[in-house]
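Q: Predicted coordinates and the sequence they were generated for:
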Amino acid sequence: MGRQPHVLVIPLPLQGHVAPLMKLSHKIVDHGIKVTFVNTEFIHAKVTASMAVKGEEKNPIRLVSIPDGLEPGDDRNDALKLTQSMLKVMSVHLKDLIEKINQSNDDDQISCIIADTTVGWALEVAEKMGIKRAALFPAGPGTLAFQLRITKFIEDGIIDIKGNPIINNLIWLSKEIPAWSSTELPWSCPGDSKMQNVLFEYCTFRVNHFKLCNWLLCNSFYELDPPACDLIPGIIPVGPLLLGNQLGSHAGSFWPQDSTCLTWLDKQPVGSVIYVAFGSLTTFSQQQFDELALGLELISQPFLWVVRSDITDGPLAEFLHVFRTRINDRGMIVEWVPQEKVLDHPSIACFLSHCGWNSTLEGISMGVPFLCWPYFADQFHNKSYICDAWKIGLGLIPDENGFITRHEIKTKIETLLSNYVIKTNALKLKEMAKKSVTEVGSSFNNFESFIEQIKH
Ligand code: UDP
């Protein structure tokens with residue numbers, strides 16, 4: 001009998017990257033394949049701590065960690081510093097880890113590496129060690145198709161070599177795919193040029209690393225975006241990657257999930273609650289944060305609002321205390337929720353979202369209409385898909401100062417909730433998403449075929 005397959009999975013140390021790779025890992029483990037999941041030490045500590053709070057220390061996936069090269073007290077929100085440090089040290093640590101695993105037991109050899117496309121250096125390590133490799137693109141196929149054309153955009157004088165737009169025009173990949181505004185490219189970071197440069201580097205790096213992988217997986221399903229998938233040679237959509245209701249499984253949450261919100265949701269009328277959440281990275285100015293709160297106060301519906309402690313620089317505790325007394329039981333504010341479960345709850349009416357790719361797919365999978373408030377990078381274009389291509393949501397429109405007013409929030413929520421066509425479209429897309437992962441579905445078959453190939 002040959003050796004048992006053993007897959008090593010490695011994400012970028014960000015929530016929106018750890019989560020889909022962890023969900024993919026659960027699917028692989030369900031096929032009887034051993035998975036070792038490699039986080040940075042910093043993220044490993046967060047994930048295991050949040051698992052401990054939920055009493056989920058036992059995980060079918062083996063969680064291990066390697067250093068990111070920074071000191072314990074260093075600021076990991078400094079993307080440039082973290083990226084440079086990771087590039088400097090992590091390949092060596094990963095290679096050492098694989099050698100250690102391979103030496104410890106002859107039946108335990110790493111047979112395949114699945115790396116986030118943003119950690120392409122891990123694919124290089126795998127290639128040098130003669131290990132098979134897959135890459136998972138954690139955003140949508142439209143974004144990937146766009147990134148794969150960066151060189152062409154530079155040659156055509158559409159962007160410069162740093163990713164800055166040269167011509168202030170819409171950029172089209174095809175007439176079936178929504179256009180990109182030149183100020184809203186997959187690496188755009190309004191007001192933060194340093195971060196924008198880091199993101200552009202990631203996007204261009206990826207293009208080279210794609211050539212190193214044997215399989216290119218994507219967290220989407222073909223039917224969601226055939227025109228973009230058709231532009232990407234070799235793409236294997238295996239999504240939506242969801243945790244579902246599997247017992248004991250954990251999506252690698254960085255914060256403990258507050259499940260009391262589910263009991264609160266049970267008490268709300270069906271289809272009544274506005275779910276408000278902006279993922280793991282979005283931040284607001286104090287003024288914009290206050291205005292959002294006032295917008296939620298103006299509406300008459302119940303709302304569930306995820307407020308991470310770092311969502312704004314301002315003094316949060318005092319503000320929230322006063323706000324909670326004003327809204328009474330009509331709204332619930334929590335630091336982090338089990339988002340899939342929340343979106344799947346019958347009380348949810350719509351999702352006020354930053355349109356991160358994971359949130360977008362989770363909302364689609366649960367048939368929830370969107371109110372879009374993108375913050376950076378691919379989120380702008382995800383919003384275009386939501387509003388213009390799939391027609392399952394509306395976008396909030398900033399005023400001439402880039403500010404979203406309480407009245408805009410109130411009016412758009414009311415318009416969204418009275419729009420029957422959007423609700424129907426959202427439910428249709430939910431059915432398509434569901435079908436793609438059932439036995440006759442495209443993602444199901446793509447995934448089964450991938451599993452068969454990595455077993456041999
Ligand atoms: N999420 C969660 N609880 C929350 C808010 C978000 O579990 O209270 C999860 C969400 O389900 C998604 C991830 O965090 O899987 C956020 O990823 P996304 O791509 O939407 O946004 P990012 O954090 O990368 O901006």
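A: Yep, that arrived.
Q: Surely E448 is within a helix?
A: Yes: assignment of E448 by DSSP: H, G, I helix; E, B strand; the rest coil places it within a helix.
Q: Quick one: residues in contact with the helix or strand encompassing L296.
A: Under the criterion of DSSP states H and E, L296 resides in helix 286-298. Residues from elsewhere that reach helix 286-298, judged by CB atoms under 8 Å, 6 or more residues apart in numbering: 274, 276, 284, 303, 305, 311-314, 319, 323, 326-327, 331, 403-410. Where C-beta positions appear, they are placed from N, C-alpha and C, glycine not excepted.
Q: Just the buried residues of these.
A: 274, 276, 284, 303, 305, 311-312, 319, 323, 327, 331, 404-406, 408-410 (16 or more other CB atoms under 10 Å).
Q: Show only the entries of those residues found in strands.
A: 274, 276, 303, 305, 331 (DSSP state E).
Q: Distance check, the third one against the ligand.
A: Counting by CB to the nearest ligand atom, to the nearest Å, the gap between F303 and the ligand amounts to 14 Å.
Q: wait, isn't that residue in contact with V276?
A: Yes: if you go by CB atoms under 8 Å, F303 and V276 touch, sitting 5.9 Å apart.
Q: one step back: can you check what angle separates the helix holding L296 from strand 273-277?
A: If you take axes from the mean of the first three to the mean of the last three CA atoms, to 10 degrees, helix 286-298 sits at 170 degrees to strand 273-277.
Q: list the buried ones in the lowest-mean-pLDDT helix or strand in the chain?
A: Across the helices and strands of the chain, mean pLDDT, DSSP states H and E gives its lowest value to helix 193-210, namely a mean of 83. Across helix 193-210, burial judged by 16+ other CB under 10 Å covers 195-206, 209-210.
Q: same thing with stretch 4-15?
A: In stretch 4-15, counting by 16+ other CB under 10 Å, buried: 5-15.
Q: how about the top helix by length along the chain, does it get close to the ligand?
A: Longest helix in the chain, counting residues (DSSP state H): helix 79-104. No: Helix 79-104 lies out of reach of the ligand by CB under 6 Å from any ligand atom, never closer than 12.9 Å.
Q: The helix or strand that that helix is followed by vs helix 193-210, what angle?
A: Downstream of helix 79-104, the first helix or strand assigned by DSSP H and E is strand 112-116. Angle, strand 112-116 to helix 193-210, by the same axes, to 10 degrees: 150 degrees.
Q: related to what we said a few turns ago, other residues contacting the very next helix or strand once past the least confident helix or strand of the chain?
A: Taking DSSP H and E as the definition, the helix or strand that follows helix 193-210 towards the C-terminus is strand 215-218. For strand 215-218, contacts defined as CB under 8 Å, 6+ apart pick out 24, 114, 133-137, 140-141, 144, 210, 229, 232, 234-239, 450, 453.
Q: which residues of this protein score low on pLDDT?
A: The chain contains residues with pLDDT under 70 at 1-2, 54-58, 205-207, 245-249.
Q: near the ligand, which residues of it show up?
A: So the chain meets the ligand at 15-16, 19, 253, 277, 279-281, 306, 336-337, 339-340, 356-359, 362 (CB under 6 Å from any ligand atom).
Q: Throw together a PyMOL command that grabs the buried residues out of the residues you listed.
A: This is the PyMOL syntax for the buried subset of these, where burial follows 16+ other CB under 10 Å:
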select buried, resi 15+16+19+253+277+279+280+281+306+336+337+339+340+356+357+358+359+362
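Q: What segments of the stretch 251-400 of the chain are strands?
A: For the stretch 251-400 of the chain, the strands defined by DSSP state E, counting those that start in this stretch occupy 273-277, 303-306, 331-334, 348-353, 370-372, 393-395.
Q: and the fifth one, which strands flank it?
A: Using DSSP bridges, strand 370-372 pairs in its sheet with strand 348-353 (parallel), strand 393-395 (parallel).
Q: Give me the contact list for that strand.
A: By CB under 8 Å, 6+ apart, strand 370-372 touches 274, 350-353, 355, 360, 363, 382-383, 386-387, 392-396, 412-413, 416.
Q: so how far is S442 from the residue of the stretch 301-450 of the chain found nearest the ligand?
A: Nearest residue of the stretch 301-450 of the chain to the ligand, counting by CB to the nearest ligand atom: G356, 2.4 Å away. Taking CB to CB, to the nearest Å as the measure, G356 falls 23 Å from S442.
Q: Let's see which of the buried residues of stretch 4-15 end up in helices.
A: Per DSSP H, the subset of the buried residues of stretch 4-15 in helices is Q15.
Q: Return the closest of the buried residues of stretch 4-15 with respect to the ligand.
A: Distance to the ligand across those (CB to the nearest ligand atom) is lowest for Q15, with 4.8 Å.
Q: Just confirm that closest one contacts A251, I think it does.
A: No: using CB under 8 Å, Q15 is not in contact with A251, being 9.2 Å away.
Q: would you list the strands paired with strand 370-372 in TSV and tack on mean neighbour count?
A: Below are the strands paired with strand 370-372 laid out as TSV (neighbours: other CB atoms under 10 Å):
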stretch	mean neighbour count
strand 348-353	26
strand 393-395	22
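Q: Tabulate the ones you listed (TSV), appending distance to W373.
A: Formatted as TSV, the strands paired with strand 370-372 follow (distance: least, CB to CB, whole Å):
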stretch	distance to W373
strand 348-353	6
strand 393-395	8
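Q: Test my guess that C261 contacts M332.
A: Yes: using CB under 8 Å, C261 makes contact with M332 at a distance of 5.6 Å.
Q: Now do the shared contacts for the two.
A: Common neighbours of C261 and M332 (CB under 8 Å, 6+ apart) are L304.
Q: what residues are up against L63?
A: L63 sits in contact with 37, 39, 44, 47-48, where contact means CB under 8 Å, 6+ apart.
Q: In three-state terms, label it for me.
A: strand.
Q: tell me which residues form a beta bridge with it?
A: Per DSSP bridges, the residues bridged to L63 are F37.
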